[in-house]
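Asks: my questions are about this predicted structure, shown below with the sequence.
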Amino acid sequence: MNIYQYINAHVQASPDLPALVELSDNESHRITYQEFDRSVKALASYLIECSIERQDRVIVMVPMQIELYVAICAVIRIGAVAVFIDPHMPREEFEHCCDQVAAKAYISSRKGQLLRLLNASLRRIKCHITTDWMPGFLAKPMQSILQQGVVNDLPELNCAEDEPALVGFTTGSSGKPKGSIRTHKFLNAQIEALYQPSEKRAARIDVPGFAVLPLDNLIRGRTTLLPPIVPGKVAEINADIVISQVLARQPDMMSGSPAYLDKICRAALASGITLPSINILFSGGAPISKTQLQQMKQVWTNARIMMVYGSTEAEPVSRIDADEFIEQCHPLTEQGAGLCVGYPIEQIEARIIDIEMKSASVGSVDAIALTNYSVGEIVVKGAHVNTQYWSGNVDQRRNKIQADDGIWHRMGDAGYIDDLGRLWLVGRCHTAMPSPWSAELTPAGLFDYQRAPWIFSYQVELVINMLPFVKQSAYVRHNNQFYLLIESRASQLTAEEQRACIREAIGNFPLDTIVFEKLPVDARHNSKINYTEVKAKLEASA
């Protein structure tokens, strides 16, 4: 079980097909499937020369460019483990992640190589490869490796299904970063889970906004157009480059976080441009508003727009069409019902359990599952759901439930299931706020937040974010007070007029204080509110 076998099949069948194309405002850098295979084999040969063996860890810290996927595939091809650690996490946590994996090789950009000066774990690594030019005594330039070609005979390596292939550390936005293991069996199952819908199966050229998707495209034999995304600055994408290249190259699929797609959408609307070649558009990574979806429909005029829900440990979990969301679900969102993220895909089992259930083992999850419309923590199980962490037993007990039928993963999200089987999110579990109303269990049939024991951030934020002067918001409880923090857009309304609009829109939800300021978001997608930092700001200003 080695996913490179799928890529190798496309190398044989379509050697001259462009595999990866880097989009820029001048001449684009591109590589065919045959050229990609040669590069992968050359880098794999060098790693073997550096004594990198099966199951050795290789930290890969490269932006979304051709060299990233050459590195990933070279590592996987020789049976080693590619490790991804977010360099934007706090320094102590970054060092802790590096210590855990005890890597034997480090592949990064020049900027990433400079981290070695600050990180003892990286300095201990003997094999250093850079995607940029650097003196060879500091790091071996990848370009010189690729020019050397294949040194060793590289037979196809068939890995055991339970061997790790990738380790991706979570951002740590809701706790300590966790190393999510993706085994070869997991990757093969994820390939199957990512196969739908039909518009995606038919797509031949993709412009993905998520770094993991070009790997799926290589496995499918698609051409990937890599947008100029700067790590940690997704929302600062040069939208004009993406728009012009989409118009020139006519891809049929796109995806990205709400912040990324919103930037492209606003630029296109301002210029009166539409992108009719796109047949399917995916949004994921954070909640998206009705207004954003409606604006996207004006730009991606021929696209089926889908919202996708998942996490580092389980991707995808569910999806829903934008039309169904706008017409059926959004009217309930306006009433505080939260965010509908759609129907669990067929490869996923999803249940809701009591938010206060902390046991790491049960006989049957079904026996403790809550009824429809009852809010609790979302738990999922499936072949492409992570079952173990690199960091060991502590994270295992906190985030997994061992049941008679296998291991269930705690999503960390609070939500419920409606009578149609759709998943609804109301917020992160750690943002739960005791309800100021009667704490009765929600009756089956409808979700009534005034009869639920908890209220959550999304229930308010999704309503407030619909106001035209609101860019994003954060609803939290701090020192027994309910705060609403607002990051505003340019508006002709005064601050007092904005406050009046907010208090009218929030309805019956409790609100003590409104604060206007820039909100901290996750580095990966620039879309999720970092509630820990929000509360730290409130504490500092107290």
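Replies: Perfect, I can see it now.
Asks: pretty sure W408 sits in a strand.
Replies: Yes: using DSSP: H, G, I helix; E, B strand; the rest coil, the assignment for W408 is a strand.
Asks: wait, it touches T387, no?
Replies: No: W408 is beyond contact range of T387, at 9.2 Å (criterion: C-beta atoms under 8 Å). For glycine as for every other residue, the C-beta is placed from the backbone atoms N, C-alpha and C.
Asks: all strands in the stretch 101-250 of the chain, in order from the N-terminus.
Replies: For the stretch 101-250 of the chain, applying DSSP state E, counting those that start in this stretch gives strands covering 105-108, 127-130, 140-141, 164-169, 179-183, 205-207, 223-226.
Asks: so which of these is the most surrounded?
Replies: strand 105-108 (a mean of 27; mean count of other C-beta atoms under 10 Å).
Asks: output the contacting helices and strands for that one.
Replies: strand 57-61, strand 127-130 (3 or more C-beta pairs under 8 Å, 6 or more residues apart in numbering; DSSP states H and E).
Asks: middle-most residue in the protein, spatially?
Replies: G285 (4.7 Å; C-alpha atoms, centre = their mean).
Asks: relative to F36, which of the helices and strands packed on strand 105-108 is closest?
Replies: Nearest of those to F36, taken as C-beta to C-beta: strand 57-61 at 16.1 Å.
Asks: which residue comes closest to K104 once chain neighbours are left out?
Replies: Nearest residue to K104 in three dimensions, chain neighbours excluded: D56, at 4.5 Å (C-beta to C-beta, 6 or more residues apart in numbering).
Asks: how many residues are close by that neighbour?
Replies: The number of residues packed near D56 is 20, by other C-beta atoms under 10 Å.
Asks: tell me the pLDDT of it.
Replies: At D56, the pLDDT value in this model is 97.
Asks: redo the helices and strands packed on strand 105-108 as CSV? Include distance to A367.
Replies: Converted to CSV, the helices and strands packed on strand 105-108 look like this (distance: least, C-beta to C-beta, whole Å):
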stretch, distance to A367
strand 57-61, 39
strand 127-130, 50
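Asks: and those strands: which comes nearest E93?
Replies: Taking C-beta to C-beta, strand 57-61 is the member of the helices and strands packed on strand 105-108 nearest to E93, at 14.7 Å.
Asks: helices or strands next to that closest one in the packing?
Replies: Under the contact criterion of 3+ C-beta pairs under 8 Å, 6+ apart, strand 57-61 touches helix 66-77, strand 81-84, helix 91-101, strand 105-108.
Asks: what strands line up against that strand, and which way round?
Replies: Strand pairing for strand 57-61, using DSSP bridges, gives strand 81-84 (parallel), strand 105-108 (parallel).
Asks: what bridges to V380?
Replies: Under DSSP bridges, the beta-bridge partners of V380 are A350, H409.
Asks: where in this protein is pLDDT low?
Replies: 25-27, 151-153, 171-175, 393, 438-446, 523-526 (pLDDT under 70).
Asks: can you report how many residues lie near Q250?
Replies: By other C-beta under 10 Å, neighbour count at Q250 equals 12.
Asks: picking up where we left off before, among the strands paired with strand 57-61, which comes closest to R503?
Replies: When these are compared by C-beta to C-beta, strand 81-84 sits nearest R503, at 43.3 Å.
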